[in-house]
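> sequence first, predicted model second:
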Amino acid sequence: MRYAMLAFLLCAAPCRAQVAGAALGLSSGAVLGTAAGLIPCSRTDAGPRCVRTTAALGAAVGLAGGLYLGGRDEDAVEAAARRAGYGLLVGATAGFVVKQLVRPSGWADVAAGAVLGAGVGATAPGSGIGLAAGTVVGIALDQVLPSFQRPDALAVAMLGMAVGGLGQWIVQGIGADDGAPSFAIAIHLSH
């Protein structure tokens with residue numbers, strides 16, 4: 001561990017950006033993967049193992065995207081870190097409000113809100129697009145399918161947020177110009 005810290009301190013600025021991008025992508029990806037897996041995985045017998053798997057997959061995608069992005073664009077890593085800081089503040093504030101209004105909650109809920117806010121905040125444009133798309137799809141499925149329930153709609157919205165956020169790490173990592181993912185949704189209506 002000491003040698004890793006020494007290598008980090010002796011690294012040139014691009015190397016530091018790469019390490020920062022990797023750390024930010026890893027943590028953000030893990031949070032997004034966990035958020036995507038919580039509701040669907042809680043409905044299976046392999047709940048905790050399922051959530052660990054989705055978190056690991058999210059972390060791997062975030063790590064790869066962040067590592068590559070850090071080597072390519074130091075400013076993009078700095079912008080993601082700034083958004084993660086804003087997300088941390090918003091998440092902690094929301095957690096504090098929940099702590100005040102919902103009595104069985106405590107400081108662990110404030111910390112969880114802060115971590116979730118930071119993870120989502122690092123990929124705010126992509127996560128926002130994904131959350132909006134997932135919410136629309138979830139509400140539509142709730143209206144169309146009788147077996148589809150509101151928790152299922154929430155799960156689809158969370159999955160959309162995770163896919164959008166992880167998609168942003170991928171798009172930024174491979175070199176998109178503006179860093180925000182573009183989605184094309186094809187709708188085919190037939191009689």
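On my side now, so go ahead. Numbering: from 1, shown residues only.

> which secondary structure elements does the helix or strand where Val19 lies contact?
For Val19, the host element (DSSP states H and E) is helix 13-42. Helix 13-42 is packed against helix 47-72, helix 74-101, helix 107-121, helix 150-174, with contacts defined by 3 or more C-beta pairs under 8 Å, 6 or more residues apart in numbering; DSSP states H and E. (Glycine included, C-beta is placed from N, CA and C.)

> compute the mean per-residue pLDDT across stretch 44-58, please.
In this model, stretch 44-58 has a mean pLDDT of 90.

> run the chain-centre distance for it.
Centroid separation between stretch 44-58 and its chain, computed with C-alpha atoms, centre = their mean, to the nearest Å, is 15 Å.

> and stretch 122-133, which residues are buried?
Residues of stretch 122-133 classed as buried: Ala122, Thr123, Ala124, Pro125, Gly126, Ser127, Gly128, Ile129, Gly130, Leu131, Ala133 (neighbour count, 16 or more other C-beta atoms under 10 Å).

> before we move on, what about stretch 81-101?
In stretch 81-101, counting by 16+ other C-beta under 10 Å, buried: Ala81, Arg83, Ala84, Gly87, Leu88, Val90, Gly91, Ala92, Ala94, Gly95, Phe96, Lys99.

> contacts only, for the residue nearest the centre of the chain.
Centroid-nearest residue in the chain: Leu32, 3.1 Å away (criterion: C-alpha atoms, centre = their mean). With contacts defined as C-beta atoms under 8 Å, 6 or more residues apart in numbering, Leu32 is in contact with Gly58, Gly62, Gly119, Val120, Thr123, Ser127, Met161, Ala162, Gly165, Leu166.

> for it, give its distance to Thr54.
9 Å (C-beta to C-beta, to the nearest Å).

> out of the buried residues of stretch 81-101, which one sits closest to Gly37?
Set against Gly37, the nearest of the buried residues of stretch 81-101 by C-beta to C-beta is Gly91 (18.7 Å).

> I'd assumed Ala124 was in contact with the closest one.
No - Gly91 is beyond contact range of Ala124, at 11.9 Å (criterion: C-beta atoms under 8 Å).

> now Trp107: closest residue in space that isn't a chain neighbour?
Leaving aside its chain neighbours, Trp107 sits nearest to Lys99 (7.1 Å; criterion: C-beta to C-beta, 6 or more residues apart in numbering).

> state the distance from the one you found to Val110.
6 Å.

> burial of Thr53, as a residue count?
By other C-beta atoms under 10 Å, 14 other residues sit near Thr53.

> for it, what are its contacts?
Gly37.

> not counting its neighbours along the chain, what's nearest Gly33?
Gly58 (2.1 Å).

> Asp73 now?
Gln172 (7.5 Å).

> what about the one you found, how many neighbours?
28.

> thought it was touching Leu67?
No - counting by C-beta under 8 Å, Gln172 stays clear of Leu67, with 11.5 Å between them.
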